[in-house]
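[1] sequence-free structure coming up:
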């Protein structure tokens with residue numbers, strides 16, 4: 001398999017595309033000046049002590065607080081505020097769609113013309129006008145024009161007096177909201193270098209810009225830099241960084257430590273601080289910590305609001321604490337906070353996760369009675385809950401109600417439907433006009449469910465409908481074919497993407513790496529990683545997760561352990577997903593000590609394991625017959641509110657099937673059937689093996705009969721288990737009957753099938769019968785090759801030599 005995959009990789013990534021400048025607006029200033037650096041060199045921010053010009057008067061400036069709470073225009077039509085009449089006229093001219101930006105010099109000079117009767121102009125009033133014009137342009141989403149105005153003023157000799165921290169903060173904020181965060185970072189860096197007064201509000205705006213654009217690490221870098229240069233954070237700064245920590249999945253102790261630092265600096269938390277802390281508890285099922293934050297919030301004199309309660313409900317919902325969630329709802333209503341759609345969705349999620357589907361349905365009915373219309377999250381949560389419980393009829397009823405109410409499904413809805421039906425016929429009944437996002441969503445869903453033919457079909461339909469594949473489409477296709485095991489098709493899509501002139505991004509590289517990892521192609525994976533670094537495409541945690549899987553699947557244990565040490569030491573940031581991946585790959589490679597170390601590291605760093613991680617622990621303990629340890633993990637699952645999955649039960653069945661208590665395997669099979677979980681081929685094969693291994697062939701046959709009637713179709717492993725057991729008991733007639741049966745039902749024997757029979761003939765010293773079996777094998781299996789007959793003859797000769 002690996003050799004085939006190596007041959008089918010004609011495409012290793014090309015040289016990285018030339019980087020595009022982040023600051024591509026060449027018309028920003030009216031006088032020629034060197035272009036700003038295209039890279040936000042945050043590490044070079046330096047404090048600047050402004051030296052007054054002896055020829056210029058030092059004019060005291062009022063420090064204006066910048067923040068949404070101080071914005072008089074928030075949620076209202078634009079108010080000119082303190083703009084002078086010339087400033088108002090200039091702003092109106094600038095927002096006029098017919099205005100020619102080439103005339104901006106002449107227009108802005110009006111601000112600096114002396115008014116009749118005035119001996120001098122006021123720097124402070126000019127500064128306020130510049131601030132008002134820039135803010136107004138930002139309000140009207142004239143980002144480019146606002147930047148042109150800022151750069152025009154910046155190029156004047158009075159710029160250091162006019163461009164105070166408030167104006168810098170506003171322009172940084174405007175660029176951030178416009179998605180031009182790299183340009184904002186470059187601008188801030190150049191202003192620091194040129195000696196402008198960059199204060200806490202400017203830094204906070206930069207942090208907010210990075211945060212709003214999902215660039216959390218860079219937000220933290222700015223925060224650290226402002227502290228290094230002696231710029232003290234405000235409450236708003238701390239609140240923004242606390243939110244960043246939550247989005248980055250920082251350990252709980254890091255978030256609490258940040259709040260403690262804030263308190264030590266004499267800054268008391270506000271309601272936003274407490275609400276953010278509660279929201280951060282969602283990631284780790286930290287419901288006890290969330291309750292503690294709520295208690296402290298009340299003691300500090302803050303009254304919980306709707307945001308507080310909804311965040312707390314979300315924590316309880318994700319922690320499967322339905323009882324506590326209902327108590328929060330009661331407190332919420334008694335304190336005069338009427339529940340919203342968010343409130344009910346969190347409650348429904350809590351009950352659905354806890355398996356209390358009828359209660360979840362009743363909550364949905366309650367919200368309708370109160371005039372709150374269920375949304376896609378409401379319906380999809382219920383649909384997924386019933387699907388997981390095996391209650392397909394109830395799930396279909398939910399879906400029909402959703403459709404009748406005109407509620408458009410999302411990717412989670414698609415996933416639940418495909419898991420339930422195994423086809424896409426129901427997707428076609430949505431009767432809505434798909435856009436490019438819809439097509440990409442369908443491709444992703446079918447790929448996640450291993451339906452490669454459906455992936456190809458959807459892609460063809462998409463092109464017939466006139467949609468041109470974009471980068472996200474190609475990335476989704478690569479990932480989808482990879483998940484389906486169609487490596488060649490995944491690489492062909494990548495090649496087609498390059499030929500179409502679409503440059504790969506981080507998601508493209510990660511999709512290719514994931515495909516390589518599934519084939520264990522670690523050498524190619526290392527080359528891709530090197531190309532990413534050369535092309536200045538910074539790898540993320542998913543990149544390294546794929547590399548770990550590539551090493552594990554390629555049996556490169558030393559390299560895998562070396563990469564693990566880089567993660568543990570902090571060379572590569574030990575994010576939760578990386579530590580969870582280390583648990584998975586070490587368990588897969590049956591490395592007990594390494595698996596336990598990764599699991600311990602995960603817990604010590606304040607991360608909570610997920611069901612996949614816990615299953616990996618159960619699996620390795622089960623394979624090693626460590627029953628007590630496996631039970632500890634099960635207790636951990638129970639305490640954490642995790643519902644054991646089919647993988648959990650299969651690992652337990654495997655553990656017991658190899659033990660003296662082998663009958664426990666079937667007991668577990670009955671338990672999962674009673675829970676409404678559908679056993680898979682692994683479940684049945686494990687129980688059959690348990691009975692065959694202990695000579696209980698009648699019980700094994702009984703399970704096989706049940707499997708034929710209501711379970712998955714028997715596979716080669718099922719039949720080989722029977723054949724090996726019959727042969728070991730000298731029941732060769734029965735073993736050969738099984739071979740006949742499997743051939744008749746379209747299951748082709750493999751080497752293990754015939755090895756079992758030949759080996760046991762030899763072990764029992766029944767040479768003649770072994771020779772007769774091999775010589776007559778073509779009558780039994782007309783499609784057997786001559787090479788296979790020769791191989792079996794040679795095998796017999798070695799056994800007797």
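    Right, received. Where do you want to start? Nothing here was measured: the structure is a model prediction, and the numbers come from that model.

[2] got the contact list for the closest residue to residue 235 other than its chain neighbours?
    Excluding its sequence neighbours, the residue lying closest to residue 235 (C-beta to C-beta, 6 or more residues apart in numbering) is residue 267, at 5.2 Å. Quick note: C-beta positions are derived from backbone N, CA and C, even for glycine. Counting by C-beta atoms under 8 Å, 6 or more residues apart in numbering, residue 267 touches 233-235, 238.

[3] Check residue 372 too.
    Taking C-beta under 8 Å, 6+ apart, one finds 339-341, 344 in contact with residue 372.

[4] of all those, which two lie farthest apart?
    Greatest spatial distance in the contacts of residue 372: 339 and 341, 8.5 Å, computed using C-beta to C-beta.

[5] Residues that sit against both of those two, list them.
    Contacts common to residue 339 and residue 341, judged by C-beta under 8 Å, 6+ apart, are 367, 372.

[6] Which one's more surrounded, these two?
    Neighbours per residue (other C-beta atoms under 10 Å) separate residue 339 from residue 341, with residue 339 holding more: 22 against 15.

[7] Angles on the backbone of that one, please.
    Backbone torsions of residue 339, given as degrees, to the nearest 10, read phi -70, psi 150.

[8] what's the closest non-adjacent residue to residue 708?
    Take residue 708 and drop its neighbours on the chain: the residue closest to it by C-beta to C-beta, 6+ apart is residue 714, 6.9 Å away.

[9] Look at the one you found and say how many residues are nearby.
    Residue 714, neighbours per other C-beta under 10 Å, totals 21.

[10] And the pLDDT at it?
    On pLDDT, residue 714 comes in at 93.

[11] Which of the helices or strands spans it?
    Counting by DSSP states H and E, no helix or strand carries residue 714.

[12] Quick check: it touching residue 703?
    No: if you go by C-beta atoms under 8 Å, residue 714 and residue 703 don't touch, sitting 10.5 Å apart.

[13] which residues are in contact with both of those two?
    In contact with both residue 714 and residue 703: residue 684, using C-beta under 8 Å, 6+ apart.

[14] what about residue 408, which SS state?
    Under the three-state scheme (DSSP: H, G, I helix; E, B strand; the rest coil), residue 408 adopts coil.

[15] tell me the phi and psi of residue 591?
    phi -100, psi 100.

[16] Okay, the nearest residue to it once chain neighbours are set aside and residue 529: tell me how far apart.
    Excluding its sequence neighbours, the residue lying closest to residue 591 (C-beta to C-beta, 6+ apart) is residue 557, at 7.3 Å. Distance, residue 557 to residue 529, by C-beta to C-beta, to the nearest Å: 19 Å.

[17] what about these two, which has more around it?
    residue 529 (19 against 15).

[18] my read: that one touches residue 540, true?
    No: if you go by C-beta under 8 Å, residue 529 and residue 540 don't touch, sitting 11.5 Å apart.

[19] Can you give me the neighbour number for residue 298?
    Neighbours of residue 298 (other C-beta under 10 Å): 13.

[20] now do the one 4 residues further on
    As a burial measure, the neighbour count of residue 302 was computed by other C-beta under 10 Å and equals 18.

[21] what's it sitting at in phi/psi?
    Per degrees, to the nearest 10, the backbone of residue 302 is at phi -100, psi 140.

[22] and if you look at the one 4 residues further on?
    With angles defined as degrees, to the nearest 10, residue 306 sits at phi -60, psi -40.

[23] Which pLDDT does the model give it?
    88.

[24] secondary structure class for the residue nearest to residue 235?
    Assignment for residue 267 (three-state DSSP): coil.

[25] any idea how far it lies from residue 279?
    For residue 267, the distance to residue 279 - C-beta to C-beta - is 20 Å.

[26] And residue 215, by the same measure?
    From residue 215 to residue 279 the distance is 20 Å (C-beta to C-beta).

[27] and what of residue 542?
    Counting by C-beta to C-beta - residue 542 and residue 279 are separated by 24 Å.

[28] Repeat that for residue 563.
    33 Å.

[29] Also residue 254?
    Per C-beta to C-beta, residue 254 is found 15 Å from residue 279.

[30] Next: residue 786.
    68 Å.

[31] So if I had to pick from the two, which one is more boxed in?
    residue 279 (22 against 8).

[32] For the helix ranked longest in the chain, buried residues please.
    What stands out as the longest helix in the chain, according to DSSP state H, is helix 123-139. Burial within helix 123-139, assessed by neighbour count using 16 or more other C-beta atoms under 10 Å, is assigned to 123, 126-139.

[33] for it, packing partners?
    Using 3 or more C-beta pairs under 8 Å, 6 or more residues apart in numbering; DSSP states H and E, the elements in contact with helix 123-139 are helix 85-95, helix 143-154, helix 159-162, helix 165-177.

[34] looking at these, which is buried most?
    Neighbour counts (mean count of other C-beta atoms under 10 Å) averaged over each of the helices and strands packed on helix 123-139 peak at helix 165-177, with a mean of 25.

[35] C-terminal to that helix, what's the next element?
    Reading on from helix 165-177 to the C-terminus, the next helix or strand found by DSSP H and E is helix 181-193.

[36] That following helix - what's its average pLDDT?
    Helix 181-193 comes out at a mean pLDDT of 86.

[37] Does the next helix or strand after it pack against any helices or strands, and if so which?
    For helix 181-193, the following helix or strand on the C-terminal side (DSSP H and E) is helix 200-212. In terms of contacts (3+ C-beta pairs under 8 Å, 6+ apart), helix 200-212 is packed against helix 165-177, helix 181-193, helix 216-228, helix 235-248.

[38] Looking at the ones you listed, which one is packed in the most?
    Scoring those by mean neighbour count under mean count of other C-beta under 10 Å gives helix 165-177 as the most buried, with a mean of 25.

[39] Direction-wise, compare it with helix 181-193 and give the angle.
    160 degrees (axes from the mean of the first three to the mean of the last three C-alpha atoms, to 10 degrees).

[40] Return the angle between stretch directions for helix 165-177 and helix 123-139.
    Going by the same axes, to 10 degrees, helix 165-177 makes 10 degrees with helix 123-139.

[41] mind checking the SS state of the spatially closest residue to residue 399 that is not a sequence neighbour?
    Excluding the flanking residues, the one nearest residue 399 by C-beta to C-beta, 6+ apart is residue 383, at 5.8 Å. What three-state DSSP gives for residue 383 is helix.
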